[in-house]
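Colleague: Predicted model and sequence below, questions to follow.
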Amino acid sequence: MHRQFDGLNHSERNLQLSVVGDPNGTQSSNLTDAPTDTSMTESWSRDGTILDNATTQYEVHENDSPRSTTITFPNGTKNTQLAYNHAGQNDDGLVYHDETYVTQGQPLQSSTRYWQSGNYGSPRPYRVEKRDELNQTTTAEFAYGNKFNQVT
């Protein structure tokens, strides 16, 4: 299998991409839903002999309210995203809060987005708050013009 990564092909960098759920790298036109993989393992060789790998894990709760997705990176760091579960609403599936942590309840960083209905019924953020590991907050607010959801 040949895949591009950062403009170089994997054979040039001794990288191998593992395609979870599709070992042959073929595409299917018969998909009826999004992938439900719970992990992805990437393998590479730093010198052509020694093989290294890293596994990223995924935990998705698509039907919960709020929806949540937790990604556990190979080093143990986790990122949890919360999204609205408002079927038929313009904010359905939008992420409104995420946090990155090693220990639950002790975020290294987090952000919260506040959404509003904009022109043509489309969602748009009007406020974003970011917090660091010291709980210092940076806030950005957005105002919009009359047309096309352009920030003024």
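Modeller: Yep, that arrived.

Colleague: which stretches of the chain form strands?
Modeller: 4-5, 8-9, 15-16, 39-45, 51-61, 67-72, 78-83, 95-101, 107-117, 123-132, 137-141 (DSSP state E).

Colleague: Just say which of the ones you listed is most tucked in.
Modeller: strand 78-83 (a mean of 18; mean count of other Cβ atoms under 10 Å). Using the backbone N, CA and C atoms, a C-beta is placed for each residue, glycine as well.

Colleague: What's the mean pLDDT across that one?
Modeller: The average pLDDT within strand 78-83 is 98.

Colleague: Include distance to residue 89 when you put the strands of the chain into CSV, please.
Modeller: Output for these, formatted as CSV (distance: least, Cβ to Cβ, whole Å):
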stretch, distance to residue 89
strand 4-5, 37
strand 8-9, 43
strand 15-16, 41
strand 39-45, 31
strand 51-61, 19
strand 67-72, 13
strand 78-83, 12
strand 95-101, 13
strand 107-117, 9
strand 123-132, 9
strand 137-141, 23
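
Colleague: so which of these gets nearest residue 147?
Modeller: strand 123-132 (12.6 Å; Cβ to Cβ).

Colleague: Partner strands of that closest one and their direction?
Modeller: Applying DSSP bridges, strand 123-132 is found paired with strand 107-117 (antiparallel), strand 137-141 (antiparallel).

Colleague: Residues in contact with the shortest one: which ones?
Modeller: The list of residues contacting strand 137-141 from outside it, by Cβ atoms under 8 Å, 6 or more residues apart in numbering, reads 126-131.

Colleague: Just the CA trace of that strand, in PDB.
Modeller: Listed next in PDB are the C-alpha coordinates belonging to strand 137-141 (Å, rounded to 0.1, in the frame of the first residue of the first chain):
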ATOM      1  CA  THR A 137      -8.700  31.700  30.900                       C
ATOM      2  CA  THR A 138      -8.600  33.400  27.500                       C
ATOM      3  CA  THR A 139     -11.900  34.400  26.000                       C
ATOM      4  CA  ALA A 140     -12.700  35.500  22.400                       C
ATOM      5  CA  GLU A 141     -16.200  36.900  21.400                       C
END
